[in-house]
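J.: model this:
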Amino acid sequence: MDILKIIAELHAERAAIDEALLTLQRLARTRGNRRGRPPAWMALVRGSSPSPERRTRTLSAETRKRMAEAQKRRWAAYRKAKEAKTIPAPARRMVRGIVRACTDISCPPAKAPLH
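T.: Residues are numbered from 1 along each chain as shown. Predicted coordinates:
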């Protein structure tokens, strides 16, 4: 067996072990307080790319038109339901615990019942 080949394999193995030790040391340092997305170096160690390529979907003009019409119908229904809920009631004024219907501020004050 070739001694130079054995030495090259041992160097490669040592590099892999050093990299594994470095990764484990990083994980041990940030184990308890790390939240959220993992750092970029961790994604590279796991073998996945940091941001996978996304395919863009191509929609036909007819499909886009149908989607736009459907959205317009949804918004129209939403506005119609909102208008039905907010029918303006006559203005009301609280005077000494009695609710009076008033159309303007100049209404005479209501007399409170004597209990």
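
J.: So in the protein, which helix runs the longest?
T.: Assignment by DSSP state H gives helix 3-29 as the longest helix of the chain.

J.: What is that one packed up against?
T.: Applying 3 or more CB pairs under 8 Å, 6 or more residues apart in numbering; DSSP states H and E, we find helix 3-29 packed against helix 40-46. For every residue, glycine as well, the C-beta is placed using N, CA and C.

J.: Any regions of this structure where pLDDT drops low?
T.: 1, 30-34, 41-52, 86-115 (pLDDT under 70).

J.: What residues of the longest helix of the chain count as buried?
T.: Buried residues in helix 3-29, counting neighbours by 16 or more other CB atoms under 10 Å, are absent.

J.: please begin residue numbering at 13 from this point
T.: OK, 13 is where the count begins now, so the last one is helix 15-41.

J.: Not counting the helix or strand hosting Arg85 itself, show me its contacts.
T.: According to DSSP states H and E, Arg85 maps onto helix 73-97. Here helix 73-97 makes contact (CB atoms under 8 Å, 6 or more residues apart in numbering) with Leu71.

J.: ok, and for that helix, which residues are buried?
T.: By neighbour count on 16+ other CB under 10 Å, the buried set for helix 73-97 is empty.

J.: All good on my end, thank you.
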